[in-house]
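[1] Whatever this is, show me its structure:
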Amino acid sequence: MKNKIYQVNTKLRGLVLATALLTISVASCSIIKKKKKVAPVNATTAVAKPKVDTVKNALKPYDEIITAKAVTQKGLFTVHKLNDKYFFEISNQLLKKEILAVNRLSKSTPGAGNYGGEEVSSHIVYWELGPNNKLFLKVSATVSIADSTDMISKAVASSNLNPILAAFPIKAKSKDSSGVVIDVTDFLISENPLLSFDANNKKSYGLAAQMADRSYIESVKSFPINTEVKSIRTYMAVGGNLPAASEAGAITLGMNTSFLKLPENPLRKRIYDPRVGFFASVNVKYADNQQKVQQEAFIHRWRLEPKEEDLEKFRKGELVEPKKQIVYYIDPATPKQWRQYLIAGVNDWQKAFEQAGFKNAIVGKEWPEADSTMSLDDARFSVIRYFASATQNAYGPNIADPRTGEILESHIGWYHNVMNLVHRWYMIQAGAIDPRARKNKFDEELMGQLIRFVSSHEIGHTLGLRHNMGASSTVPVEKLRDKKWVEAHGHTPSIMDYARFNYVAQPEDGISEKGIFPRINDYDKWAIQWGYKPILDTRDAQEDKKILNKITIDSLASNKRLWFGGEGRDQDPRSQAEDLGDDGIKASLYGIKNLKRIVPQLINWTREDGEDYSSLKEMYKEAVGQYSRYAFHVLKNLGGVMVTEKTYDQPGAVYQAVSLQKQKEAIKFYNEQVFATPKWLMNKDIINKIDPLFGFNDVQSVQREVVASITSQSRLYRMMVNQRDNGKGAYSPTEWLNDLKNGIFTELITGKATDEYRRALQKMYVGSIITMYNKRFALQGSLDNIIASVTPTEVLLYSNVKSLAFAHLKDLRRSIGNGIAKTKDQDTKIHFEYLKQMLDKILTESPIPGLNY
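    The predicted structure is shown next:
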């Protein structure tokens, strides 16, 4: 393999090609709202103050700097502690070798929303000798690479000069001249980008400068491939509402910085493919034989390799153990009754790695509390960290070598209150079919299995897998009710989907937990095989890419359950969070049928003598939220575009509009399930115990959001484009708006009275069409600049939408005028007269003074 000239931007470790729509889920610090300003406490601040050397630094004998009193630890950096001073001895072999510096909280402050073990920042750094007997600590800050054998590598090297983060006078050379000694005491406790909070984090906490008199180095420990620095840092608090800030005008945090040596033998890259859902990093690659600059994206994965003695077995297809097992430890702060389920969630991935040729490739273990040589903050260990937090979540990040994508370690964040989240989900989604879900406190075994499923999902992220929101769309909806089929195959092919539980199954189907819970399934096993199975006897990643492309094409052609549907951020109705099955309309109808069974039982299911109705309110709100999800799962069918990533050697289109029939079914769904007031959801027995307006307001909010989204300009424009390209096979915008109007204004035809719910809905709809007609560009500046900044597409969009909305408003006014004469209900008559008067005013005024396309 050729040597590379690497210059890697550490901030792009989690970035990927924009065209691939890759994103990485990471935990971010909570933003603390500023309320009351606290007067800062006077204190001196610790700021790095580099000294300017006017003459060459004079070296001293080693024994004068590192005396016999020094306490020494050998490791990545040899660390010497002498009284209150810390010295690093840096080997010459380490010079210009890239080191990953990961900054984590080791201790947090109450109310901050961040917890010990959470990552704050990371950087790639390296040591380099400078003039005048100095040692520089530099940050890798560029993203260009080139093969060292290419002439262009010289241009890459000369075009990227990395910044010097710190300069250290060399105090002495090592005894055998194999390295240099520097004093790092001031640097380790100073406020600098490498070791302390960055500006954004400080802003979120409401922090100012660091206080030197209340900040100190707690410990420095060195291990074979890493050095760990723990510090206590106190900052002036100038804003925010944290309790400590109010009490002391200051915030104290524990920080841990891990310096982790990147592998000497870089893992071979595996080139990213948008048809398989992996997180990825990206470099800009230059080569002499290029005719344009290439972006090279490569996936994140652990290093799994067969042992040398097992290579022949591996070639024959026998399962072998890897050279190095992937190990996840369980935080000893985890309540004991849940540890076995977290471990099971890790071990469940073993069967996926077996498809990649490895046995016992991954394992979960309890933390060896008696082993004093191990630290939870040590970057060599991957840990599921348990946070005492009211946050209802968990997250699974990974730390990867930016040169190759090799995952080096992971600290999963597990919030205690995630149990409340899965409790709500399971009661509302599975309460109709699983009696165990009908309790305010689940049995320990059920909660344990819920924890296990979440653990498996988060571990998947740390293995490099992204969400696959399209996986569940490969399952026929009726199969979700087929006991034998769904218990054998699962309700989604991927644990990485947001397909929580089988809400389609009906009570009469008799489906057990096997057909209700998600599991590591076909897609997950195939993705692990694609990303992790070593390809032997090839020269480089480009040869591997050709082999993987053939595997991908053949696999997708033979098994549609292996389709990767992305993160659900486009207009594809197949790729959505929290949905099930290949028909979102049919699945939502089944879901609503179950909700109608569940809602009347919520009082009984949440009952606890002596307690108020807080749990009832929470579960009722979850039920309304689930109803809202069903409504929005249908929405992507309107103006929807199905996206199937393909290469030149695969037949068929990448983009395909949703069929006319399916879009008409969507409008029918809305007219029957959303616009016809769902009074079953506004259960009076529940509402009079929690809030008389609660149900009305929440259901009305769902209707308002659906109407606003259905009539959005972007959706209308997509439907126009579809009509342009597909003619009679498309849902014409005029027909679509008429179908909406006929469902929302049925009283204009029947002459029946409207109630307050229908009147509110009809006002929402008219207001939304008026907005569509009367909306102006959010443009600023002189007229010439405005005209220059408006694209032809925007002009076309605006003019077409405006004319269509104008025609529809005229039609509405005519229909409302005719309907007034038919109605005998006085409240309805007043309502329609109001709407007609409003439309008369709108249609006789110029909607946009000035610019009018």
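[2] got a list of what Ser382 touches?
    Applying CB atoms under 8 Å, 6 or more residues apart in numbering, we find Ser382 in contact with Ile326, Val327, Tyr328, Tyr329, Glu409, Ser410, His411, Ile412, Thr462. (Each C-beta comes from the backbone N, C-alpha and C, glycine too.)
[3] Please identify the pairing partners of whichever helix or strand the fourth one is part of and their relative orientation?
    Okay, so that is Tyr329. For Tyr329, the host element (DSSP states H and E) is strand 326-330. With DSSP bridges as the test, strand 326-330 is paired with strand 362-366 (parallel), strand 382-387 (parallel).
[4] for the ones you listed, which one sits closest to Lys514?
    Among these, the nearest to Lys514 by CB to CB is strand 362-366 (22.2 Å).
[5] and of the contacts of Ser382, the nearest to Phe278?
    The closest of those, once distances to Phe278 are taken by CB to CB, is Thr462, at 12.2 Å.
[6] Test for you: state the pLDDT assigned to the closest one.
    Thr462 is assigned a pLDDT of 96 by the prediction.
[7] Can you get me a residue count around the nearest residue to it once chain neighbours are set aside?
    Using CB to CB, 6 or more residues apart in numbering and skipping residues adjacent in sequence, the residue nearest Thr462 is Ser410, 3.9 Å away. Neighbour count for Ser410, taken as other CB atoms under 10 Å: 23.
[8] And for the one 3 residues further on?
    Other residues near Gly413 number 24, with proximity taken as other CB under 10 Å.
[9] In a helix, it, correct?
    No - Gly413 is assigned strand when assessed by DSSP: H, G, I helix; E, B strand; the rest coil, not a helix.
[10] wait, doesn't it sit right on Ala394?
    Yes - counting by CB atoms under 8 Å, Ala394 is a contact partner of Gly413 at 6.3 Å.
[11] who touches stretch 171-187?
    Stretch 171-187 is contacted from outside by 48, 59-62, 64-66, 78, 80, 84-94, 129, 135, 166, 168-170, 195, 217, using CB under 8 Å, 6+ apart.
[12] Mind doing that once more with 7 Å?
    48, 59-62, 65-66, 85-92, 135, 166, 168, 170 (CB atoms under 7 Å, 6 or more residues apart in numbering).
[13] now do stretch 653-671
    Contacts of stretch 653-671 (CB under 7 Å, 6+ apart): 573, 585, 588, 634, 637-638, 640-646, 706, 722, 726, 729-731, 736, 739-740, 743.
[14] sorry, back to before: quick one, which of the strands paired with strand 326-330 is packed in tightest?
    strand 382-387 (a mean of 23; mean count of other CB atoms under 10 Å).
[15] picking that back up, which among the contacts of stretch 653-671 count as buried?
    573, 585, 588, 634, 637-638, 640-645, 706, 722, 730-731, 736, 739-740, 743 (16 or more other CB atoms under 10 Å).
[16] Domain parsing of the protein, as residue ranges.
    4-261, 745-843 (automatic domain parsing).
[17] Most tightly packed of the ones you listed?
    domain 4-261 (a mean of 17).
[18] if I read this right, Phe259 contacts Phe88, doesn't it?
    No - contact criterion CB atoms under 7 Å: Phe259 and Phe88 do not qualify, at 9.6 Å.
[19] Give me the common contacts of the two.
    By the contact definition CB under 7 Å, 6+ apart, Phe259 and Phe88 are jointly contacted by Phe77.
[20] Save the strands paired with strand 326-330 as JSON lines, and put in mean pLDDT and distance to Val599 too.
    Shown next, in JSON lines, are the strands paired with strand 326-330 (pLDDT from 0 to 100; distance: least, CB to CB, whole Å):
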{"stretch": "strand 362-366", "mean pLDDT": "98", "distance to Val599": "38"}
{"stretch": "strand 382-387", "mean pLDDT": "93", "distance to Val599": "33"}
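[21] Which parts of the stretch 251-400 of the chain are strands?
    Per DSSP state E, counting those that start in this stretch, the stretch 251-400 of the chain has strands spanning 280-286, 294-299, 326-330, 362-366, 382-387, 394-395, 399-400. These are given in chain order.
[22] Ala250: which of the ones you listed is closest?
    That would be strand 382-387 among these, by CB to CB, at 23.1 Å.
[23] The closest one vs strand 411-415, what angle?
    Orientation check (axes from the mean of the first three to the mean of the last three CA atoms, to 10 degrees): strand 382-387 against strand 411-415 gives 20 degrees.
[24] For the strand holding Tyr329, which outside residues touch it?
    302, 339, 342-343, 346, 361-367, 381-384, 459.
[25] which stretches of the stretch 301-450 of the chain have low pLDDT?
    Judged by pLDDT under 70, the stretch 301-450 of the chain has no weakly predicted residues.
[26] Would you map the helices across it?
    311-315, 336-347, 350-355, 418-430, 444-462 (DSSP state H, counting those that start in this stretch).
[27] Include distance to Pro651 and mean pLDDT when you put the domains of the chain into TSV, please.
    Formatted as TSV, these follow (distance: least, CB to CB, whole Å; pLDDT from 0 to 100):
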stretch	distance to Pro651	mean pLDDT
domain 4-261	22	76
domain 745-843	30	82
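[28] Distance to Glu444 for those domains - can I get that in JSON lines?
    Listed next are the domains of the chain as JSON lines, based on distance: least, CB to CB, whole Å:
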{"stretch": "domain 4-261", "distance to Glu444": "25"}
{"stretch": "domain 745-843", "distance to Glu444": "43"}
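[29] Any idea which of those domains gets closest to Phe314?
    Per CB to CB, nearest to Phe314 of the domains of the chain: domain 4-261, 26.6 Å.
[30] Arg424 against Ala623, yeah?
    No - applying CB under 7 Å as the test, Arg424 and Ala623 come out as separate, 9.3 Å apart.
[31] Spell out which residues sit in contact with the residue nearest to Thr462, please.
    Ser382, Gly396, Pro397, Asn398, Ile399, Thr462.
[32] Among these, which one sits closest to Arg539?
    Among the contacts of Ser410, and counting by CB to CB, the member closest to Arg539 is Asn398, at 27.7 Å.
[33] what separates the closest one from Leu408, distance-wise?
    8 Å (CB to CB, to the nearest Å).
[34] swap in Val422?
    30 Å.
[35] what do you get for Asn192?
    23 Å.
[36] Then Ala167?
    Counting by CB to CB, the gap from Ala167 to Leu408 is 28 Å.
[37] Equivalent analysis for Asp572, please.
    34 Å.
[38] quick one, which of the helices of the stretch 301-450 of the chain is nearest to Glu672?
    Nearest to Glu672, of all those, is helix 418-430, at 21.7 Å by CB to CB.
[39] If you count contacts, what does that closest one end up packed against?
    Contact here means 3 or more CB pairs under 7 Å, 6 or more residues apart in numbering; DSSP states H and E; on that basis helix 418-430 packs against helix 444-462, helix 614-635.
[40] what does the first one rub up against?
    Surrounding helix 444-462, the residues in contact under the criterion CB under 7 Å, 6+ apart are 25, 328, 337-338, 341-342, 344-346, 348-349, 394-398, 410, 412, 418-419, 422, 426, 436, 495-496, 517-518, 520, 524.
[41] again with the longest one
    Contact with helix 614-635 is made by 424, 427-429, 440, 576, 578-579, 584-585, 588, 591-592, 595, 598-599, 602-603, 606, 666, 669-670, 674, 681, 686, 689-690, 698-699, 702, 706, 709-710, as judged by CB under 7 Å, 6+ apart.
[42] Now do the next helix or strand after that helix: which elements does it pack against?
    Heading C-terminal from helix 614-635, the first helix or strand you meet, by DSSP H and E, is strand 641-643. For strand 641-643, the packing partners by 3+ CB pairs under 7 Å, 6+ apart come out as strand 655-657.
[43] Quickly find the element holding Trp736.
    helix 733-744.
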